[in-house]
Every structure is written in structure tokens, then in C-alpha cells.
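In: got a predicted structure plus its sequence, pasted below:
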Amino acid sequence: MAHLLSTTCSLDVSSSKKLHFKSINQCSTPNPTCFNMGISFSPLKLSLQSKRSAKYVIRASAVSMSQEARTQNDSGSQQTTDGASTRKKVMVIGGDGYCGWATALHLSNKGYEVAIVDNLIRRLFDDQLGLDSLTPISSIHNRIRRWKSLTGKDIQLFVGDICEFEFLAEAFKSFEPDAVVHFGEQRSAPYSMIDRSRAIYTQHNNVIGTLNVLFAIKEFREECHLVKLGTMGEYGTPNIDIEEGYITITHNGRTDTLPYPKQASSFYHLSKVHDSHNIAFTCKAWGIRATDLNQGVVYGVRTDETAIHEDLVNRLDYDGVFGTALNRFCVQAAVGHPLTVYGKGGQTRGYLDIRDTVQCVEIAIANPAKPGEFRVFNQFTEQFSVNELAALVTKAGQKLGLEVKAISVPNPRVEAEEHYYNAKHTKLIELGLQPHLLSDSLLDSLLNFAVQYKDRVDTKQIMPSVSWKKIGAKPKTVAA
Ligand SMILES: NC(=O)c1ccc[n+]([C@@H]2O[C@H](COP(=O)([O-])OP(=O)(O)OC[C@H]3O[C@@H](n4cnc5c(N)ncnc54)[C@H](O)[C@@H]3O)[C@@H](O)[C@H]2O)c1
């Protein structure tokens, strides 16, 4: 029996406009479920009450413009057929999240007209699981108002779920994007492995959301370029070099260039593989133009834009569900917790600085795929094993006077702990990416950042709490 709870809220945005949204908490079981000692519910759906697009749009009122923030440049401009210059419109789906917020500000600063689409579900996951960002993050409404007050630049906001096609269609018709950057997915492998309901939620949210974006482009903006965030995790760890999306194979005397084999290792990673297949198919069938950015693990928190004001600060996850390797190690070092190396620590992956995430997306938008082209870029700058990262953090921590040691903890995942790994990543470099490499100074600054906020760390959230082998059909309960 479904359990329904609905709330209607309204927020004053300006004298003339109000944002209305309705939240519906729809549980698949009659009772609330619990995870990790925090009360948790089945995923909450946020949807807009009104279908009229004007109500979806927030425009913060203009205040003054800080000199510091004025790094105006015109890379967001495009020429119309009559030679006039207009600003390229970019819809950032998932623009309230870790990569999306930094990217939305970066593109806005570069002169693009930006709209954020987000259902704010990531904030709800934290509430459900009793987690929090290391950094105190402001509401999306405050973030956008502060950006406007500092720079004079508008970012439009559409609060809603892209799995609801009517909402997405209204957002498309209202904003008319030239490019869509799609970050709006459930992106944690451990979250997708908690139980049956989270596995199903992850695959439904990610696959149906992406499918809706593809249909919206086909219906309303055929020329729009889709820039979709995939993950290097789609490839797994094959015993041969990983190419950028495609591999040329000779088999029984015949040769073809085929999509590179995918060997995903969680229900989350599998959702991304399915996204890639759907996108590739619609490029062929409908002539959609798309770039799949197979991103590595992102680290860091500051970008030029998020550093301007505390209301613009980005989230930094360090917990066992949403935290990613290097960010987690830096926070562990800051609070004197041993670095948690999973198993043998030979797991090798591609990594990149969040400043390069925003740069890569900008490069992809500025150099769009051709109609019908399904382009794949491997988006990372360096590869490291977990043991190498632990050694780098230990060394950098010692320089700051921190006592850092690494321990091996039982690996909650099912993955190779020692393996060959050599992934190509030349296409974004060829288009002009200038990587920020993981130098000692960067580690120092990431570590310093973690030290600055260490009083906010809940050390109970550090150890991994989700096992790939013990995944349950039933939601976890307090007693379980
Ligand atoms: N963070 C990394 O290290 C990393 C690495 C590789 C790939 N990626 C990919 O980059 C993308 C962004 O990752 P992130 O770390 O910023 O994640 P995040 O969870 O911080 O942000 C995702 C945002 O999307 C929103 N969202 C989710 N489902 C939605 C829906 N149905 N409708 C509207 N909004 C929705 C969330 O509320 C959130 O704000 C993801 O697709 C992820 O798979 C991230």
C-alpha cells in the first residue's frame, strides 16, 4: 500500500513572481524505513503544481555587481544568420549538485545564458540518510540571488523532476536551450546498492530522466546539443587499454569500429551504460547531436566562481555513501581518522579537479557534436591507484603537521583490487583543455579546506556502510 504525504510551499521570489512547488513523499512500503541510524524514506518526488512555465522561473532582483566577480568574457556568444550576436543558452540539469553548481556559475560567468533544472533530491538524500556536506551550503534560491547580486547575471531556475515529461517540456519551451548539460542523476554507486528500492529508483531516475531529455530535444529543440555526464566506471577494468568510446576490432578477417565494451559494477554504473545506449541510438535514429563525457572521479571544491562568496560555496561529500576517494581521504586526514583504503588498494581510476570538470563542459559546448554524431570523451586528467592517493595525502598531511596513517578496511564493493589500467584521454586535450594536476600545493589547499571545516565532520559517517554482497530486497530498518 502506498504511503502518501504531500506538502505545498511557496517562496517569495520578487514582488511579481512566486515559485510554487509541491512535494510528494511516496513510499513503496506503509512504514518509514531506516538506514544508518537516520530515518529514511523512499525517494521523494518534487513536482510543480502549476503547468504554466512563467511560474517555474525565478528571476532574482538586481543588486550591485562586484568588481571581483566581473570576469566577463564572450565565449558564450554566438552569431545569428543576420550577423547579430546573441548569447548561447545552456540548460544545466542537476545544477544544484556538486558538478552542476560549479558548472552553472562558470558558464554564466563566461557569458552563457544559463538555466538550472533540479528537483533538489540530492539535498533530500542527505536528510534521509542523516548526512551533510562538509561545507555549509546555501539554498539554491539564496545561491542564485547572491550570484545575481554579485555579478548582475541572471540564472533561471526550474524546480522539478525531469522524469515528469510535462515539467521538462515546459522548461524546454520556456528556455529554448541551445545546449543541455545533463548532470541530473542519482550518482552514488553505494546508494544504488543499499536495497531493492534504491536500485530501482536509481535506474528509473537516471534512465527515464535521460530518455525524457532525448524526447524533449527531438520534440522542441532538434538542433540542441546534449552534453551528458557519463562515467569512466562504465568501462570497468578490462585487461587492455581503454579507448575513448570506440574500439576497432578485427574478427574472423573482418574489421569494424564498435562501441567499447562496458562492464559496469553497480546498479548506478549500469544505469549510465543504458543511458549511453539510448543516446547512441537516438543519435542514429533521430539525428540528435550528443557528447557523452565519461568522467573520472572528481576532487576539490573551489572554482573561481564558488570562491567569491560563502553563499556560493560548493558541497563536499566525505561520507561512505556519497563521498569520493580523494575528497574522503583529505577529510579523514584533517580529523585524524585513518585513511580507509578498501582491500589491497590497487584499484586504479581516472581523476580530475572540479576546475577541469567546468572547463571540459565549456569546451564540449563550444565545439558541439554534429547532427547525428554520438561523441565520447574520456574526461579525466590523471590516473592513480587508491594506495597512491593515500601516499600523496599522507605526505601532504605530514607537511601540514597532521598525523596521517592509512589502514586497509574490508572492501564493501565487488571489484578487482589489483589490475591493469590504461585509459586514453586525449580528445579534450586536443580541443584545448589545460589540466590542473594534483600537485602538492593542490593537496595542501584541499587539505587546508578540510581542516577549516573539520568541526562539521561527523566521524560516524566515514566508514563504508553499504555492502555490494549484503544488498537487501527489503529496506533496512532500525532493527536490521
Ligand atoms: N562527482 C563525481 O566524482 C562524478 C564522477 C563521474 C561522473 N559523475 C556524474 O556527474 C553527474 C553529476 O554528479 P554530481 O557529483 O554533481 O552529483 P550530485 O548528486 O551532487 O548532483 C546531481 C544533481 O541532480 C539532481 N537530480 C537528480 N535526479 C534528478 C531528476 N530526476 N530531476 C532533476 N534533478 C535531478 C540532484 O538534486 C542533484 O542536485 C552525475 O551524472 C554523475 O554520474 C560524477
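Out: Nice, thanks for sending it over. Numbers count the residues shown, from 1 in each chain.

In: which positions in the stretch 51-200 of the chain make contact with the ligand?
Out: 94, 96-100, 117-122, 161-163, 183-187 (CB under 6 Å from any ligand atom). For glycine as for every other residue, the C-beta is placed from the backbone atoms N, C-alpha and C.

In: ok, the residue of the chain found nearest the ligand - how many residues close by?
Out: Distances between the chain and the ligand by CB to the nearest ligand atom are smallest at G97, namely 1.9 Å. Using other CB atoms under 10 Å, G97 has 24 neighbouring residues.

In: go ahead and measure how far stretch 427-445 is from the middle of the chain.
Out: Taking CA atoms, centre = their mean, to the nearest Å, one finds the center of stretch 427-445 at 19 Å from the center of the full chain.

In: give me the buried positions along it.
Out: Buried positions in stretch 427-445, judged by neighbour count with 16 or more other CB atoms under 10 Å: K427, L428, L433, P435, L438, L442, L443, S445.

In: so which elements touch the helix or strand harbouring the second one?
Out: Element membership for L428 (DSSP states H and E) is helix 427-430. Where contact means 3 or more CB pairs under 8 Å, 6 or more residues apart in numbering; DSSP states H and E, helix 427-430 is packed against helix 354-366, strand 374-379.

In: tell me the angle the first one makes with strand 374-379.
Out: With axes from the mean of the first three to the mean of the last three CA atoms, to 10 degrees as the basis, helix 354-366 and strand 374-379 are set at 160 degrees to each other.

In: in CSV, list the C-alpha atoms belonging to helix 354-366.
Out: Listed next in CSV are the C-alpha coordinates belonging to helix 354-366 (Å, rounded to 0.1, in the frame of the first residue of the first chain):
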residue,chain,number,x,y,z
ILE,A,354,36.5,20.2,-10.3
ARG,A,355,38.0,23.2,-12.1
ASP,A,356,38.6,20.9,-15.0
THR,A,357,35.1,19.5,-14.9
VAL,A,358,33.8,23.0,-15.6
GLN,A,359,36.4,23.6,-18.3
CYS,A,360,35.7,20.3,-20.1
VAL,A,361,31.9,21.0,-20.2
GLU,A,362,32.6,24.5,-21.6
ILE,A,363,34.9,23.0,-24.2
ALA,A,364,32.3,20.4,-25.2
ILE,A,365,29.6,23.1,-25.6
ALA,A,366,31.9,25.4,-27.6
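
In: picking that back up, who's in contact with the residue of the chain closest to the ligand?
Out: The neighbourhood of G97, defined by CB atoms under 8 Å, 6 or more residues apart in numbering, consists of D118, R122, F183, G184, R187, R315.

In: so the fourth one touches V117, yeah?
Out: Yes: judged on CB atoms under 8 Å, G184 makes contact with V117 at a distance of 6.7 Å.

In: what do these two both touch?
Out: Counting by CB under 8 Å, 6+ apart, the residues touching both G184 and V117 are I93, G94, I162.

In: among the residues you listed, which are in strands?
Out: Using DSSP state E, I93 are the members of these that sit in strands.

In: for the chain, give me the ranges with low pLDDT.
Out: Applying pLDDT under 70 to the chain flags residues 1-74, 80, 83, 476-480.

In: need the helices and strands packed on helix 427-430 in a markdown table (columns: distance to P475).
Out: Output for these, formatted as a markdown table (distance: least, CB to CB, whole Å):
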| stretch | distance to P475 |
| --- | --- |
| helix 354-366 | 33 |
| strand 374-379 | 34 |
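
In: what distance do you get for E222 to A216?
Out: E222 sits 11 Å away from A216, going by CB to CB, to the nearest Å.

In: neighbour count: the two, which is higher?
Out: Ranked by neighbour count (other CB under 10 Å), E222 and A216 place A216 first, with 23 against 12.

In: that one reaches L168, doesn't it?
Out: Yes: A216 is within contact range of L168, at 5.2 Å (criterion: CB under 8 Å).

In: what lies in contact with the helix holding L428?
Out: By CB under 8 Å, 6+ apart, the residues outside helix 427-430 that reach it are E244, C360, I363, A364, F377, N378, Q379, P435.

In: same thing with stretch 388-396?
Out: Under the criterion CB under 8 Å, 6+ apart, residues 325-326, 329-330, 333, 339, 341, 345, 351, 384, 404-406, 438, 440, 443-444, 447 lie in contact with stretch 388-396.

In: kindly list the longest helix within the protein.
Out: Using DSSP state H, we find that the single longest helix of the chain is helix 267-286.

In: can I get it as PDB, trimmed to CA atoms?
Out: Only the C-alpha atoms of helix 267-286 are listed here, as PDB (Å, rounded to 0.1, in the frame of the first residue of the first chain):
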ATOM      1  CA  PHE A 267      23.300  -0.600 -10.400                       C
ATOM      2  CA  TYR A 268      24.300   3.000 -10.700                       C
ATOM      3  CA  HIS A 269      27.000   2.400 -13.200                       C
ATOM      4  CA  LEU A 270      24.700   0.100 -15.200                       C
ATOM      5  CA  SER A 271      22.200   3.000 -15.400                       C
ATOM      6  CA  LYS A 272      24.800   5.100 -17.100                       C
ATOM      7  CA  VAL A 273      25.600   2.300 -19.600                       C
ATOM      8  CA  HIS A 274      21.900   2.100 -20.500                       C
ATOM      9  CA  ASP A 275      21.900   5.900 -20.900                       C
ATOM     10  CA  SER A 276      24.800   5.700 -23.300                       C
ATOM     11  CA  HIS A 277      23.000   3.100 -25.400                       C
ATOM     12  CA  ASN A 278      19.800   5.200 -25.500                       C
ATOM     13  CA  ILE A 279      21.700   8.300 -26.500                       C
ATOM     14  CA  ALA A 280      23.700   6.500 -29.200                       C
ATOM     15  CA  PHE A 281      20.500   5.000 -30.600                       C
ATOM     16  CA  THR A 282      18.700   8.400 -30.800                       C
ATOM     17  CA  CYS A 283      21.700  10.000 -32.500                       C
ATOM     18  CA  LYS A 284      21.400   7.400 -35.200                       C
ATOM     19  CA  ALA A 285      17.600   7.300 -35.400                       C
ATOM     20  CA  TRP A 286      16.700  11.000 -34.900                       C
END
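
In: can you name every helix or strand that it contacts?
Out: Helix 267-286 packs on helix 189-192, helix 196-203, helix 209-220, strand 225-231, strand 289-295, strand 374-379, going by 3+ CB pairs under 8 Å, 6+ apart.

In: next, the residue of the chain closest to the ligand: phi, psi?
Out: Backbone torsions of G97, given as degrees, to the nearest 10, read phi -90, psi -170.

In: make residue 1 into 32 and carry on from there
Out: Yep, numbering from 32; the last one is G128 now.

In: ok, it to E336 distance?
Out: G128 is 15 Å from E336, by CB to CB.

In: sitting in strands, which of the residues of the stretch 82-231 of the chain next to the ligand do you find?
Out: Here DSSP E is the test, and these give V148, D149 as lying in strands.

In: returning to what we had before: can you redo the contacts of helix 458-461 as TSV with distance to the ligand?
Out: Below are these laid out as TSV (distance: CB to the nearest ligand atom, whole Å):
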residue	distance to the ligand
E275	15
C391	11
I394	16
A395	13
F408	12
N409	11
Q410	8
P466	16
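
In: out of the shared contacts of G215 and V148, which is nearest to I271?
Out: G125 (32.4 Å; CB to CB).

In: list the buried residues of stretch 451-460.
Out: In stretch 451-460, counting by 16+ other CB under 10 Å, buried: Y452, A454, H456, K458, L459.
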